[in-house]
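**Student:** Predicted structure and sequence below. I'll ask about it afterward.
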Amino acid sequence: MSTPHENTLALPVGTTLDRFIMRKQEDFPYATGELSQLLRDLALAAKIVNRDVNRAGLSSIIGSMGQENVQGEQQQKLDVEANIRFIRALTNGQEACAVLSEEEDDIIHTGNCQGRYVVAIDPLDGSSNIDVNVSIGTIFSIYRRVSPAGQQATREDFLQGGRAQVAAGYILYGSSTMMVYTTGAGVVGFTYENSLGEFFLSHPSISIPRAGQVFSCNEGYWFDYPAYVREYLTQCKRDQLSGRYVGSLVADYHRNLLKGGIYLYPPTKKTPEGKLRLLYEGFPLAFLIEQAGGLAYAGTTPVLDIVPTDFHQRSPLFIGSADQVASLLAYAAETASAQRGLVAPAAEN
Ligand SMILES: O=P(O)(O)OC[C@H]1O[C@](O)(COP(=O)(O)O)[C@@H](O)[C@@H]1O
Ligand SMILES: [Mg+2]
Ligand SMILES: [Mg+2]
C-alpha cells in the first residue's frame, strides 16, 4: 500500500493546485478539508498580489508610505496592499481564526471563531526591492490553534514553537511566480500561468542538494559578523564558492533550495538578535528546508526547536544545504571549544 506522500507524488506535472490539494486531502480519510481550503485562500490572495506586483511600476502602488511599521521599518505601499489582500482572503475564508502579520503590532482576529487554524505571514518580503523591479515574495506559516474553538485566538496559538507548524510556504514573485509549500510530507512547487490564472504543479518533490556552490549573506556587515562566521565565509571564498545575495529572503532562499547553497543572516551590532523574524520568516523556511533534506540553525540551535515568547521575535538564521550548514556549525563548535580552552586554565589559577 502506498503512503499518502507517495500518492500525491504520483500526480503529474501540470496538475492544478486546486486538484492537487483536493487529491492530497483524499489521501487522509478523516481530513475535514479546512487546511486545504486555507491553502486555496492563500493562493487566491497570491494571485491578486501577483497582479499588483506586476503592474506596480505603472500604478500609484509603488513607493513608500512615508511611515514605519511596528518593526521601525519604512513601509512600502505594496507592503500595505499585500497585507490587506492576505488578511482579507483569510477573513473571507472560514478556516483561520486569527492572523499575525509583519505589518501589524498585534494579532488580527478574523471573526471566524470556529476556525481551527492561525496564520503568521510576511505579506511582502524584500520590500526594499519593489521600486527596482527585483524579485520579492510572501512567506506564510500555519498552526492548528490550541485555544478552544468558538472563542477568540490567543497569544499561545501563535507561540507554540516551530515544530508545531502544520504547513508553511512562500510565494515568489519572480521571473515566474511560484507557490512552494509543505504540509509535512515533502515540499511541492507550483508555477503560475498568468493567462489562465492558475498555479500548476511544476516541482512535484523538491529536495535541496547536500552541498551547493553558493553562499548568500550581506557582506556589508562583515566586520560585525561573529569570528566563526567570518572564518567559515573565508573558507567559502578559498574554495571559490559563488557569492549570491538578492536581498529578498524568499528569492535568495528559493535559488539555494533548488541549486544548493547556504544563506546566512548572523547577529550584527545593528541587529544583535539577528534581523529576521521567527514566526513568519525563520520558522516557515526552516520547516520547508528540513522537509527538503536541508538544515536551519539559529546560531547553534535548530531553528524549529525555538519556542518564541514574542510575536515579532528575531533570530539569526543559517539555512540551506545540510553539508554547508554542518560545516558552519563545525566552525562555531571549534571557536567555542577554543574559548573554553582559554578560559579553563585561567579559572584554575
Ligand atoms: O538589507 P539586509 O540587512 O541585507 O536585509 C535583507 C533582508 O531583510 C528582509 O528584507 C526582511 O524582509 P521584509 O522586506 O519583509 O521586511 C529580507 O527579505 C532580506 O533578506
Ligand atoms: Mg521579510
Ligand atoms: Mg515584509
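**Tutor:** Yes, it's here. Ligands and ions are numbered 1, 2, ... in the order given.

**Student:** Give me the distance between Ala10 and ligand 3.
**Tutor:** Using C-beta to the ion, to the nearest Å, one gets 36 Å for the distance from Ala10 to ligand 3. For the C-beta atoms, the positions are set from N, CA and C on the backbone; glycine is no exception.

**Student:** Could you count how many residues lie near that residue?
**Tutor:** Residues contacting Ala10 under the criterion other C-beta atoms under 10 Å number 10.

**Student:** what does the one 3 residues further on give?
**Tutor:** Neighbour count of Val13, defined by other C-beta under 10 Å: 10.

**Student:** dump the residue contacts of it.
**Tutor:** Val13 makes contacts with Phe200, Leu201, Ser202, Pro204, as judged by C-beta atoms under 8 Å, 6 or more residues apart in numbering.

**Student:** So it, which state does it fall into?
**Tutor:** Here Val13 is recorded as coil under DSSP: H, G, I helix; E, B strand; the rest coil.

**Student:** you'd agree His254 is up against Val180?
**Tutor:** Yes: when contacts are counted by C-beta atoms under 8 Å, His254 is listed as touching Val180 (7.1 Å).

**Student:** hang on, the earlier thing: just the closest of the contacts of Val13 to ligand 2, please.
**Tutor:** Distance to ligand 2, by C-beta to the ion, is smallest for Ser202 among these, at 23.9 Å.

**Student:** returning to what we had before: which one of the contacts of Val13 sits closest to ligand 1?
**Tutor:** Comparing the contacts of Val13 against ligand 1 with C-beta to the nearest ligand atom places Ser202 closest, at 23.3 Å.

**Student:** if I look at that closest one, how far off is Leu264?
**Tutor:** 28 Å (C-beta to C-beta, to the nearest Å).

**Student:** neighbour-wise, which of the two wins?
**Tutor:** Remark: of Ser202 and Leu264, Leu264 carries more neighbours, 23 against 18, as counted by other C-beta under 10 Å.

**Student:** can you tell me which residues contact the residue in the stretch 1-150 of the chain that ligand 2 sits nearest to?
**Tutor:** Proximity of the stretch 1-150 of the chain to ligand 2 (C-beta to the ion) peaks at Asp125, 3.5 Å away. For Asp125, the contacting residues are Ile136, Gly137, Thr138, Ile139, Tyr170, Ser248, Leu249, Val250, Glu281, by C-beta under 8 Å, 6+ apart.

**Student:** Would you mind giving both backbone torsions of the fourth one?
**Tutor:** The one in question is Ile139. For Ile139, the backbone dihedrals (degrees, to the nearest 10) come out as phi -130, psi 140.

**Student:** try the first one
**Tutor:** Its backbone dihedrals place Ile136 at phi -130, psi -180, with angles given as degrees, to the nearest 10.

**Student:** thought it was touching Pro123?
**Tutor:** No: Ile136 is not in contact with Pro123 according to C-beta under 8 Å; the separation is 10.3 Å.

**Student:** Surely Lys270 is within a strand?
**Tutor:** No: counting by three-state DSSP, Lys270 falls outside a strand, being coil.

**Student:** and it, how many neighbours?
**Tutor:** Lys270 has 8 nearby residues by other C-beta under 10 Å.

**Student:** State the distance from it to Asn218.
**Tutor:** Lys270 is 11 Å from Asn218, by C-beta to C-beta.

**Student:** And the strands in the stretch 1-150 of the chain, which stretches?
**Tutor:** 64-68, 74-76, 96-101, 108-109, 117-125, 136-144 (DSSP state E, counting those that start in this stretch).

**Student:** Adding distance to Pro12 and mean pLDDT, write those out as JSON lines.
**Tutor:** Formatted as JSON lines, the strands of the stretch 1-150 of the chain follow (distance: least, C-beta to C-beta, whole Å; pLDDT from 0 to 100):
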{"stretch": "strand 64-68", "distance to Pro12": "44", "mean pLDDT": "73"}
{"stretch": "strand 74-76", "distance to Pro12": "39", "mean pLDDT": "79"}
{"stretch": "strand 96-101", "distance to Pro12": "31", "mean pLDDT": "98"}
{"stretch": "strand 108-109", "distance to Pro12": "38", "mean pLDDT": "97"}
{"stretch": "strand 117-125", "distance to Pro12": "29", "mean pLDDT": "97"}
{"stretch": "strand 136-144", "distance to Pro12": "26", "mean pLDDT": "98"}
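
**Student:** Indicate which one of those strands is closest to ligand 1.
**Tutor:** Minimum separation from ligand 1 across the strands of the stretch 1-150 of the chain (C-beta to the nearest ligand atom) falls at strand 117-125, 4.1 Å.

**Student:** could you check the angle strand 136-144 makes with that closest one?
**Tutor:** In terms of direction (axes from the mean of the first three to the mean of the last three C-alpha atoms, to 10 degrees), strand 117-125 departs from strand 136-144 by 170 degrees.

**Student:** does any part of strand 117-125 sit near ligand 3?
**Tutor:** Yes: using C-beta under 5 Å from the ion, strand 117-125 comes into contact with ligand 3 via Asp122, Leu124, Asp125.

**Student:** Good, we can wrap up now.
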